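Trainee: sequence plus predicted model, see below.
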Amino acid sequence: MMKAIKAPRGTRDILPPDTALWNFVEAAVRDVFRAYNFQEIRTPIFESTELFARGVGEETDIVSKEMFTWEDRGRAESDKGQSLTLRPEATAGIVRAYIEHKMWDRGLNKFFCIGPMFRRERPQKGRYRQFYQIDAEVIGPASSGSDLPARDAEILEMLATLLHRLGITHWNLELNSVGSSQERVKFNEALRVALEPVKDKMCVDCQRRAVTNPLRVLDCKVPEDQPIIDKLPRITDFLEDESRKHFDAVQNILTKVGVPFSINTRLVRGLDYYTRTAFEFTHGALGAQNAILGGGRYDGLSEALGGPAAPGIGFAIGEDRLILSLQEKTPAEAVVRRPGVYVAPMAGMNADAAQLARELRRHDLVVELGDENFRLKKSFEAADKAGAKYILIVGENEVKADAFALKNLATGEQVQIGRAELAAWLKARIVP
RNA sequence: GUGGGAGUAGCUCAACUGGCAGAGCAUCGGACUGUGGCUCCGACGGUUGCGGGUUCGAUUCCCGUCUCCCACCCCA
């Protein structure tokens, strides 16, 4: 035998019945998002490498060491050597599409997108090289209201609704404002200055961060560093009136609509493009990967990508993690749709059985069809295994009488139903 | 990328200081040719993740490698 080929590192197959759980989540997402007037957008799974370099930020870990990048080998001179990258996140591609299709003419755009993302990280539970994100973005010219706090609050409230709908409790919403890009530059500088005299007393990681990305020092979890971090400047002190008012307004709305949150002035996010509102929903029982979703405002991203000013806010839900946290309460078996009827033909009755199955399926019943070569006993076993609620026996007597034996597999109750009434009879007794 | 743990039948796991690789469940068949679940009997199923080394002999010891898991890192 040839050497078995396995799924590449960090990828996995999602099999039934788990796929039913994925569909359950995605159906809930589509349903909830529709109520908030979000519409689906689908963008390519690979893009020009430059898009992510400019959009996500050259200095981020994502861009500097985690992207799947290759050089396209085009035949035409013009595409030779074009560098392409599997998308590591969704926002950059969506903003690129916004610019490319000049969608500012449409006013306020509310998009969502579900699909795989790719990052070359070391795999762990809830962390894969191909992982799935549910992404939503609100973007448009400022005249459309895209920069207003009501949009931030609406998105957060929508997320709370979605989690509630999925039956996920015990989440925690952490909220912060990271300021405008100008405010952040000042804050960064202040941090660098404040860290200079104390960084030698900190952990090795912080010593490195103090130079490369001071904001990340705030994220440090080493207990010994906490007293030092507590004395560092806070972003709140660098927010000017407009940013502060914006942040206050978001909080006011959330309080009014009853979405609980906590302020975490140390919350920073890994992508360079975030401005003002930044947030994260966490959930216990996910180990170190406790961030179930995260997002924020990115008022300058469109311009960084060569587009017009287009404030925006969005988030990404880690679908893999969402499903991990869901599985504790809702096993996939609970949402998988089992057959309502198993049609069991006796010897020579395949054609009649197929005809019956066709009729029932046209009435939107889930039907599994057996085979005339199966002995009845085997048909019963197959019906059980398929999880069917009823078994329909198609034998010579039944075909002659045009009425069929229908047995409830759980109760053992058996009745004889005429062909014309079959579908209606079953539909009345099978909950979809 | 760093450190640690684990990999044995489809699944969950055994196999004593190195000595014939096993059980339960699942699958298939029979008891049972138009009525299942229970029971009984039988069968199938493995180069012990892969490659090398030590040894008369390796699932067991050593080295390498792959994958998963845990913690960092990072993030969803």
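Mentor: Noted; the coordinates are in hand.

Trainee: looking only at pLDDT, what's the mean for the helix or strand that A:Phe187 is a member of?
Mentor: A:Phe187 is located in helix A:181-195, with elements delineated by DSSP states H and E. Mean per-residue pLDDT for helix A:181-195: 87.

Trainee: mind listing what's buried in it?
Mentor: In terms of neighbour count (16 or more other C-beta atoms under 10 Å), helix A:181-195 has its buried residues at A:181, A:183-184, A:186-187, A:190-191, A:194-195. Where you see a C-beta, it was placed from the backbone N, CA and C, and this is true even at glycine.

Trainee: keep only the residues you listed that also lie close to RNA strand B.
Mentor: The subset of the buried residues of helix A:181-195 within reach of RNA strand B, by C-beta under 7 Å from any atom of the strand, is empty.

Trainee: and stretch A:198-208, what's its mean pLDDT?
Mentor: For stretch A:198-208, the mean pLDDT works out to 81.

Trainee: try stretch A:254-265
Mentor: Mean predicted confidence for stretch A:254-265 is 95.

Trainee: dump that stretch to PDB, restricted to CA.
Mentor: Extracted C-alpha coordinates of stretch A:254-265, given in PDB (Å, rounded to 0.1, in the frame of the first residue of the first chain):
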ATOM      1  CA  LEU A 254     -24.700  49.700  25.700                       C
ATOM      2  CA  THR A 255     -25.900  50.400  29.200                       C
ATOM      3  CA  LYS A 256     -29.300  51.500  28.000                       C
ATOM      4  CA  VAL A 257     -29.800  48.400  25.800                       C
ATOM      5  CA  GLY A 258     -28.600  46.200  28.600                       C
ATOM      6  CA  VAL A 259     -25.400  44.700  27.200                       C
ATOM      7  CA  PRO A 260     -23.000  44.200  30.100                       C
ATOM      8  CA  PHE A 261     -19.400  45.100  29.500                       C
ATOM      9  CA  SER A 262     -16.200  45.900  31.400                       C
ATOM     10  CA  ILE A 263     -13.600  48.500  30.600                       C
ATOM     11  CA  ASN A 264     -10.100  47.200  30.200                       C
ATOM     12  CA  THR A 265      -7.700  50.000  29.600                       C
END
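
Trainee: what lies in contact with it?
Mentor: For stretch A:254-265, contacts defined as C-beta atoms under 8 Å, 6 or more residues apart in numbering pick out A:153, A:156-157, A:160, A:172-176, A:234-236, A:251, A:279.

Trainee: do it and RNA strand B meet?
Mentor: No: under the criterion of C-beta under 7 Å from any atom of the strand, RNA strand B is not reached by stretch A:254-265; the shortest gap measures 12.8 Å.

Trainee: which parts of that stretch are buried?
Mentor: The neighbour-count check on stretch A:254-265 (16+ other C-beta under 10 Å) flags A:254, A:259, A:261, A:264 as buried.

Trainee: just flag the most distant two among the residues you listed.
Mentor: The largest separation in these, counting by C-beta to C-beta, is between A:Val259 and A:Asn264 at 15.4 Å.

Trainee: narrow the contacts of stretch A:254-265 to those that are buried.
Mentor: Among the contacts of stretch A:254-265, those classed as buried by 16+ other C-beta under 10 Å are A:153, A:156-157, A:160, A:173-176, A:235, A:251, A:279.

Trainee: closest to RNA strand B among the residues you listed?
Mentor: Among the buried ones among the contacts of stretch A:254-265, A:Phe279 lies closest to RNA strand B (C-beta to the nearest atom of the strand), at 9.8 Å.

Trainee: pretty sure that closest one contacts A:Trp171?
Mentor: No: at 11.6 Å, A:Phe279 and A:Trp171 do not qualify as touching, with contact defined as C-beta atoms under 8 Å.

Trainee: about what we covered before: looking at the buried ones among the contacts of stretch A:254-265, which one is closest to A:Arg362?
Mentor: Proximity of these to A:Arg362, judged by C-beta to C-beta, is greatest for A:Ala160, which lies at 40.9 Å.

Trainee: doesn't the closest one belong to a strand?
Mentor: No: looking at A:Ala160 with DSSP: H, G, I helix; E, B strand; the rest coil, it is helix, so not inside a strand.

Trainee: ok, it - contacts?
Mentor: Shown in contact with A:Ala160 (C-beta under 8 Å, 6+ apart): A:173, A:259.

Trainee: swap in 7 Å and give it another go.
Mentor: A:Val259 (C-beta atoms under 7 Å, 6 or more residues apart in numbering).

Trainee: so after the lowest-mean-pLDDT helix or strand in chain A, what's the next helix or strand?
Mentor: Least confident helix or strand of chain A, by mean pLDDT, DSSP states H and E, is helix A:204-212 with a mean of 78. Tracing the chain past helix A:204-212, the next element assigned as helix or strand by DSSP H and E is helix A:226-230.

Trainee: which residues does that following helix contact?
Mentor: A:198, A:201-202, A:217-218, A:220.

Trainee: do that helix and RNA strand B meet at all?
Mentor: No: contact of helix A:226-230 with RNA strand B (C-beta under 7 Å from any atom of the strand) is absent, the minimum separation being 12.6 Å.

Trainee: could you report the neighbour count for the residue lying closest to A:Glu396 once chain neighbours are set aside?
Mentor: Among residues not flanking A:Glu396 along the chain, A:Met346 sits closest, at 6.8 Å (C-beta to C-beta, 6 or more residues apart in numbering). Residues near A:Met346, counting by other C-beta atoms under 10 Å, number 21.

Trainee: torsion angles phi and psi at A:Met346?
Mentor: Dihedral pair for A:Met346: phi -80, psi 180, per degrees, to the nearest 10.

Trainee: noted, bye for now.
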